[in-house]
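Asks: Next input, structure requested:
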Amino acid sequence: MGKITPKLLISILVLAMAFAFFAKSPWNNAFNLFLTKSWAEEDETQSAESSTWSGKITVTYSGWSDRVRDGAHEKSETKSNATYYVKRLPFISKEVCSTCEADWEGIVTFTATFDQQSSRRSERCTSSLVVRGNGTGEAHMGLSCQDGDLLIDVGSVSNYLDPKTRKEREVIAEYKVQYRETACDGKEYKGERTASPPKTIIQNERCDLKKGRISGTKTIKGKSSVETITWDLALDSPDLEAVIIPHRDFNWWMPEAGKDEKTAGNSLEVTVKVQSKNEKKPSKQKAKLTFELVDVSKEPGVCMNWPRNGQDDFDLKIDDSNEELEVPPEKKGQWAQTKEHHQEFRIFVKSYDYGAYGKLKVKAETKDGRPISVRVEGQPSQDELMIPLDNNNNHIADKYERDFYIPGNKAADSDEDFIPEGDKNRGDGLTLYEEYRGFMTKNNKHVRSDPAKKTLFIYNKVPHAKAGIDLFSAQSRIEVFELDKEDQMSPSRVINYNYNNHHAHKTDQHGLKMIEANLETGTAGEAPLGPPKKVDSVRIQKDYEKVYGNKKSITIAHELGHAVKIEHHGDGNYECSDKGREYCMNEFERRREEECGYAPDCIKKYRGALFFYIAVQNGENSGDEKCIMRYYEAHYYEKGWANKTFHPYDKDKTPTGYCSNKGTNPKTGDATRGNCMGQIRVSDK
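Replies: Model (predicted):
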């Protein structure tokens with residue numbers, strides 16, 4: 001053994017004194033606690049008054065009966081399921097409620113389904129009753145854990161003392177369901193009634209508050225019923241919170257799609273940060289994060305008209321490319337969980353549809369399994385991130401509503417386009433959501449249409465038609481989009497064919513198909529009178545320019561006017577060869593004999609009299625001279641009634657727009673109809 005020197009002895013004495021001092025120090029106690037106590041144990045110092053519970057309780061009930069009573073065979077089967085969502089159930093102090101039996105008490109929400117089928121058969125008659133439905137609501141819940149005995153009561157109490165207002169509140173757990181009853185006489189009765197979710201009492205189970213979690217499953221079997229209850233509740237962490245932070249451009253984000261339903265368009269970056277509720281007290285705690293997309297849209301296709309025969313898969317999915325994230329394939333991108341605990345974590349939510357919507361839920365748990373409260377940044381009362389930003393909850397991005405100055409209370413199924421006013425019927429057959437979700441147009445360009453303007457889609461197969469389409473759109477004030485693929489409309493020309501059976505679709509709105517055709521001589525174009533669903537096609541004379549020159553744009557605008565239900569200014573124009581118009585031929589025969597003699601040029605002037613086109617008073621050529629719907633060519637116009645006179649029509653003004661009154665015309669008088677802008681009808685509803 002070595003020799004102890006004076007220097008070594010002094011060093012030993014100093015260390016011993018330091019150790020003795022530190023062992024008595026309160027700092028040492030804190031240090032030991034930090035080393036030996038878990039995070040949950042540190043948190044036990046919180047008072048009961050500040051503790052809350054969160055989680056859910058699921059109840060599945062099946063009941064049946066099969067009996068003979070009063071000579072009739074009665075049979076029934078009932079299935080009732082409910083999930084109760086517990087969110088920060090508060091502690092109730094006896095000072096607040098001296099009569100309250102539970103330690104924690106409050107209001108929980110539920111979703112429930114009900115299915116009951118019953119029948120009664122006798123020699124005299126047979127009757128049946130079917131009651132079905134699902135719904136949501138609120139219920140009262142109480143929770144106690146005294147001496148290790150658990151007591152949970154959900155739904156059996158209807159009067160609840162609200163600790164915030166100190167006032168009694170009635171809470172009736174019920175929701176609406178539909179019934180269909182067939183009476184003995186064969187008459188059927190339908191209606192609505194209320195149903196209650198299965199009430200739940202859990203007792204004679206063990207609990208340990210120190211663990212911070214209560215969970216279990218219990219099955220209760222009766223002679224004619226089976227009830228299974230599953231509960232999973234945990235004490236909330238009072239000092240921590242998980243904050244959902246969308247990307248800084250979230251206010252301007254709208255969903256987009258790729259070329260098909262399997263290709264993502266764009267994505268939204270979302271960060272979750274675990275932090276102390278006390279901003280002055282930073283925290284380094286980490287949590288396991290679970291992400292879930294709920295209430296996600298499943299619209300067929302990627303927009304209203306592409307692709308045809310679209311499938312209805314989830315329109316929002318969590319990106320699975322992050323190796324630190326577990327995304328099970330069977331969850332189809334709707335659920336993911338971090339593999340480790342993190343203080344901050346970022347995910348991307350991909351969009352597969354231009355009208356995609358849903359909510360992102362986040363669950364955060366400490367290493368010992370205690371839940372952490374969750375909120376959305378800037379929205380303390382919200383614990384789910386609505387995607388996209390949609391404050392009025394109509395499934396339409398607020399950015400779209402801002403871009404088009406839409407009031408915040410418009411419903412997704414509203415259809416109130418008012419430009420142009422037309423026949424005073426608002427709308428274009430496309431709901432607000434459909435115009436927002438948009439359409440695929442020429443050159444695979446996606447557009448979101450203007451909900452204030454009536455919108456028309458044209459599948460165009462006519463060359464050099466753009467000038468005519470543009471003229472029609474500019475002068476009618478109708479928003480027009482050109483299509484270049486036949487699949488951009490259904491076989492029956494429906495333009496908004498990609499929809500599910502939900503509230504945001506009201507009308508199968510049709511587009512127009514414009515084609516070239518070999519029309520009879522003298523006909524530059526033709527179209528049935530609209531609205532669009534009545535127009536099988538808009539037909540323009542083939543090789544138009546060779547026959548009619550440079551008037552093609554006016555002809556196209558004229559025929560498109562018919563397709564939106566604009567009629568001619570009047571009727572009655574005729575050719576001299578028409579039956580009953582012999583006086584016309586007689587008049588020109590008389591003129592030829594009186595004026596021409598044997599002069600070749602004069603004879604030539606009247607040679608085609610058989611096909612002279614005559615404009616009548618108040619007919620197709622009447623009214624506003626600048627209106628596209630007015631005929632502006634003829635050989636002669638007639639005047640008078642008993643003694644008709646014929647006058648050379650001469651050159652007329654070129655039409656430039658659509659009239660808004662009957663107008664007047666020095667040759668053919670006022671229009672019988674006129675006011676073409678007031679006739680416009682785009683909607684098929």
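
Asks: Please enumerate the strands of the stretch 101-250 of the chain.
Replies: Assigned by DSSP state E, counting those that start in this stretch, the strands in the stretch 101-250 of the chain fall at 104-121, 126-146, 149-154, 159-162, 167-170, 175-182, 188-195, 200-206, 213-221, 225-235, 237-246.

Asks: Redo those strands as JSON lines? Include distance to Glu256, mean neighbour count and mean pLDDT.
Replies: (C-beta placed from N, C-alpha, C; glycine too.) Shown next, in JSON lines, are the strands of the stretch 101-250 of the chain (distance: least, CB to CB, whole Å; neighbours: other CB atoms under 10 Å; pLDDT from 0 to 100):
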{"stretch": "strand 104-121", "distance to Glu256": "31", "mean neighbour count": "19", "mean pLDDT": "93"}
{"stretch": "strand 126-146", "distance to Glu256": "32", "mean neighbour count": "18", "mean pLDDT": "92"}
{"stretch": "strand 149-154", "distance to Glu256": "43", "mean neighbour count": "20", "mean pLDDT": "90"}
{"stretch": "strand 159-162", "distance to Glu256": "45", "mean neighbour count": "16", "mean pLDDT": "76"}
{"stretch": "strand 167-170", "distance to Glu256": "45", "mean neighbour count": "10", "mean pLDDT": "81"}
{"stretch": "strand 175-182", "distance to Glu256": "37", "mean neighbour count": "15", "mean pLDDT": "94"}
{"stretch": "strand 188-195", "distance to Glu256": "41", "mean neighbour count": "12", "mean pLDDT": "93"}
{"stretch": "strand 200-206", "distance to Glu256": "45", "mean neighbour count": "14", "mean pLDDT": "86"}
{"stretch": "strand 213-221", "distance to Glu256": "42", "mean neighbour count": "14", "mean pLDDT": "91"}
{"stretch": "strand 225-235", "distance to Glu256": "38", "mean neighbour count": "18", "mean pLDDT": "92"}
{"stretch": "strand 237-246", "distance to Glu256": "16", "mean neighbour count": "21", "mean pLDDT": "88"}
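
Asks: Reformat these as TSV; add distance to Leu389.
Replies: Converted to TSV, these look like this (distance: least, CB to CB, whole Å):
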stretch	distance to Leu389
strand 104-121	24
strand 126-146	24
strand 149-154	35
strand 159-162	32
strand 167-170	33
strand 175-182	30
strand 188-195	35
strand 200-206	37
strand 213-221	35
strand 225-235	31
strand 237-246	8
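
Asks: Report the contact partners of the residue sitting nearest the centre point of the chain.
Replies: Most central in the chain under CA atoms, centre = their mean is His395, positioned 4.1 Å from the mean C-alpha point. Residues counted as contacts of His395 (CB atoms under 8 Å, 6 or more residues apart in numbering) are Ser297, Gly355, Tyr357, Ala412, Tyr433, Ala504.

Asks: Write the PyMOL selection for whichever of those residues are buried.
Replies: To isolate the buried members of those in PyMOL, using 16 or more other CB atoms under 10 Å:
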select buried, resi 297+355+357+412+433+504
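
Asks: picking that back up, show me the one of the strands of the stretch 101-250 of the chain that comes nearest Tyr631.
Replies: strand 188-195 (56.8 Å; CB to CB).

Asks: That closest one pairs with which strands, parallel or anti?
Replies: strand 175-182 (antiparallel) (DSSP bridges).

Asks: got the angle between the strand it pairs with and strand 104-121?
Replies: Inter-element angle recorded for strand 175-182 and strand 104-121: 10 degrees (by axes from the mean of the first three to the mean of the last three CA atoms, to 10 degrees).

Asks: can you list contacts of strand 175-182?
Replies: Outside strand 175-182, the residues within contact range by CB under 8 Å, 6+ apart are 112, 114, 127-137, 188-197.

Asks: now stretch 526-539
Replies: 456, 458, 493, 508-517, 519, 525, 556, 559-560, 562-567, 681-684.

Asks: Keep only those of these that are in helices.
Replies: Ile556, Glu559, Leu560, His562, Ala563 (DSSP state H).

Asks: Same list (those) but as a markdown table, adding distance to Ala234 and pLDDT.
Replies: Shown next, in a markdown table, are those (distance: CB to CB, whole Å; pLDDT from 0 to 100):
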| residue | distance to Ala234 | pLDDT |
| --- | --- | --- |
| Ile556 | 69 | 97 |
| Glu559 | 70 | 97 |
| Leu560 | 65 | 98 |
| His562 | 69 | 98 |
| Ala563 | 64 | 98 |
